[in-house]
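Q: quick check, what structure comes out for this input:
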Amino acid sequence: MSLPVDISFQGVAHSKAVEEAVIDRADRLTRIRGDLERCRVSLTVGAKHQHKGKPFDVHVHVFAPHQTHVSSNTSHEDPYVALHEAFTHVERMLVEANGKRSPQS
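A: Residues are numbered from 1 along each chain as shown. Okay, the predicted model is just below:
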């Protein structure tokens with residue numbers, strides 16, 4: 001069963017390829033924790049840097065019973081790199097949370 005994923009593009013043209021990358025990364029999260037309920041991802045264009053182009057800001061919210069894991073302030077000029085960094089951060093938080101709750105199970 002796939003994890004329900006809500007994706008919003010703000011100030012960014014909708015991209016089927018980015019959408020598929022988000023869904024793939026979100027589904028991978030269920031391998032770490034199978035009881036995830038929902039994943040919300042927003043992709044926005046940030047303010048232009050003086051020496052660089054406009055960065056893509058990615059926010060990932062993952063909802064699990066009794067917990068919410070959030071990765072925010074992830075920015076990069078390449079949307080795929082920003083997505084990778086945001087999801088990697090959430091994966092680390094899920095692994096740490098699993099480690100803390102496993103001895104109690």
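Q: only C-alpha atoms from now on, for both contacts and neighbour counts.
A: Will do.
Q: list the contacts for the residue sitting nearest the centre point of the chain?
A: What sits nearest the mean C-alpha location of the chain, by CA atoms, centre = their mean, is V60, with 3.4 Å. V60 makes contact with C39, R40, V41, S42, V70, S71, S72, A86, F87, V90, according to CA atoms under 8 Å, 6 or more residues apart in numbering.
Q: in the protein, what helix or strand scores lowest on average pLDDT?
A: Sorted by mean pLDDT, DSSP states H and E, the helices and strands of the chain end with strand 67-76, the least confident at a mean of 80.
Q: hmm, back to that, give the ChimeraX command for selecting the buried subset of the contacts of V60.
A: Burial among the contacts of V60 is assessed by 16 or more other CA atoms under 10 Å; the matching ChimeraX selection reads:
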select :39,40,41,42,70,71,86,87,90
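Q: go through the contacts of V60 and say which is closest to S2.
A: Each of the contacts of V60 was checked against S2 using CA to CA; the closest is C39, at 10.7 Å.
Q: was I right to think the closest one contacts R25?
A: No - judged on CA atoms under 8 Å, C39 makes no contact with R25 at a distance of 10.3 Å.
Q: that older thread, does the residue nearest to the residue nearest to the centre of the chain when sequence neighbours are not counted belong to a helix, a strand or coil?
A: Leaving aside its sequence neighbours, V60 sits nearest to V41 (CA to CA, 6 or more residues apart in numbering; 4.6 Å). Secondary structure, DSSP: H, G, I helix; E, B strand; the rest coil: V41 is strand.
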